[in-house]
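Engineer: What follows is a predicted protein model with its sequence.
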Amino acid sequence: MKMSIVKQVVIGFLISPLLLGCIGGMSYYFLQKVNESYSNLVNHQARAAFDSHVIQFDSIQQMNFLNA
């Protein structure tokens, strides 16, 4: 089945935006997943850092109480 040059060009111009849209959609989806993972990691590390400061503060208070 042979197609004319005009049909081939039209099909090419129709397929190109579809492929571009699919690639753009996939890129957006995976970028959102990376952003969500990064946000979770940052929140987890911030909470861990806060907890470590609380532990450090409490241990200093206990040491001062025992030395007094």
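Structural biologist: Everything's here; your move.

Engineer: Can you give me the neighbour number for residue 53?
Structural biologist: Using other Cβ atoms under 10 Å, residue 53 has 10 neighbouring residues. In short, each C-beta sits where N, CA and C put it, glycine included.

Engineer: Can you give me the distance of it to residue 46?
Structural biologist: Plainly put, residue 53 is 11 Å away from residue 46 if you go by Cβ to Cβ, to the nearest Å.

Engineer: Also residue 52?
Structural biologist: For residue 52, the distance to residue 46 equals 11 Å [Cβ to Cβ].

Engineer: Then residue 23?
Structural biologist: Residue 23 is 34 Å from residue 46, by Cβ to Cβ.

Engineer: give me the low-pLDDT residue ranges for this structure?
Structural biologist: 1, 68 (pLDDT under 70).

Engineer: Sticking with residue 36, tell me its helix or strand.
Structural biologist: Taking DSSP states H and E as the criterion, residue 36 maps to helix 5-67.

Engineer: How far away from the center of its chain is that helix?
Structural biologist: Distance, stretch centre to chain centre, for helix 5-67: 2 Å (Cα atoms, centre = their mean, to the nearest Å).

Engineer: which other helices and strands contact that helix?
Structural biologist: Of the remaining helices and strands, none touches helix 5-67 by 3 or more Cβ pairs under 8 Å, 6 or more residues apart in numbering; DSSP states H and E.

Engineer: What strand or helix carries residue 2?
Structural biologist: Here residue 2 is assigned to no helix or strand, by DSSP H and E.

Engineer: quick one: contacts for it?
Structural biologist: Contacts for residue 2 were tallied using Cβ atoms under 8 Å, 6 or more residues apart in numbering; there are none.

Engineer: got it, and residue 59?
Structural biologist: Applying Cβ under 8 Å, 6+ apart, no residues contact residue 59.
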